[in-house]
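Undergrad: sequence first, predicted coordinates after that:
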Amino acid sequence: MILKEVIAVIGFLFMPIASYSQVVSKDSINVLYARKEMLGIGKKLNECRLELARLENQLQEKTAQVNQTAETAQRSADENKEAAIALEKDSQDRKLARQAKRAARKAHRDAKKARKAEKRHKDLTGDIESLKNKVAEYEAQLATLKMP
């Protein structure tokens with residue numbers, strides 16, 4: 001009997017503690033969800049900014065490659081033209097024919113390299129513009145999100 005009374009008294013002592021437990025309101029849940037969304041967008045924004053900085057650093061290198069390959073291609077085309085003119089004067093000369101063939105092959109390869117360099121530069125510029133648009137979009141999303 002005493003055991004039952006002791007258990008009852010202990011039970012009555014813990015009842016008020018259970019009623020004082022923390023109640024989470026819907027507002028605080030909404031605030032937490034909003035913070036979670038803002039952190040996610042902020043993370044994506046920072047990743048895009050890092051990638052944008054990396055690509056912009058590569059842009060100078062790609063521009064220099066385009067200029068260098070274009071100059072090389074132009075030089076090769078000029079050499080090919082000279083070799084073709086020399087062969088035109090003496091079309092039966094094997095040595096001149098071989099030189100013209102080599103010059104034409106070299107001009108072809110250099111022109112191909114210049115086209116590829118130009119395409120890589122164009123693709124990089126497009127990627128940079130795309131990332132700039134994404135950064136602006138994420139910044140706009142962050143600006144529209146408000147803490148409830």
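TA: Received the coordinates, thanks. Residues are numbered from 1 along each chain as shown.

Undergrad: CA only for contacts and neighbour counts going forward, please
TA: Fine.

Undergrad: so who does the closest residue to residue 134 other than its chain neighbours touch?
TA: Nearest residue to residue 134, sequence neighbours excluded (Cα to Cα, 6 or more residues apart in numbering): residue 48, at 7.3 Å. The neighbours of residue 48, taking Cα atoms under 8 Å, 6 or more residues apart in numbering as the test, are 131, 134, 135.

Undergrad: against residue 114, how distant is residue 48?
TA: 30 Å (Cα to Cα, to the nearest Å).

Undergrad: can you check residue 100 too?
TA: From residue 100 over to residue 114 the distance is 21 Å, taken as Cα to Cα.

Undergrad: check residue 101 too.
TA: To residue 114, residue 101 is 20 Å away according to Cα to Cα.

Undergrad: what helix or strand is the most centrally placed residue in the chain on?
TA: The residue lying closest to the centre of the chain (Cα atoms, centre = their mean) is residue 51, at 4.5 Å. Assessed by DSSP states H and E, residue 51 sits inside helix 26-89.

Undergrad: quick check: next helix or strand after that helix?
TA: Where DSSP H and E defines the elements, the next helix or strand beyond helix 26-89 is helix 94-144.

Undergrad: which helices and strands does that following helix pack with?
TA: In terms of contacts (3 or more Cα pairs under 8 Å, 6 or more residues apart in numbering; DSSP states H and E), helix 94-144 is packed against helix 26-89.

Undergrad: now the helix it packs on against helix 94-144, angle please.
TA: When axes from the mean of the first three to the mean of the last three Cα atoms, to 10 degrees is applied, the directions of helix 26-89 and helix 94-144 differ by 170 degrees.

Undergrad: mean confidence score for helix 26-89?
TA: For helix 26-89, the mean pLDDT works out to 92.
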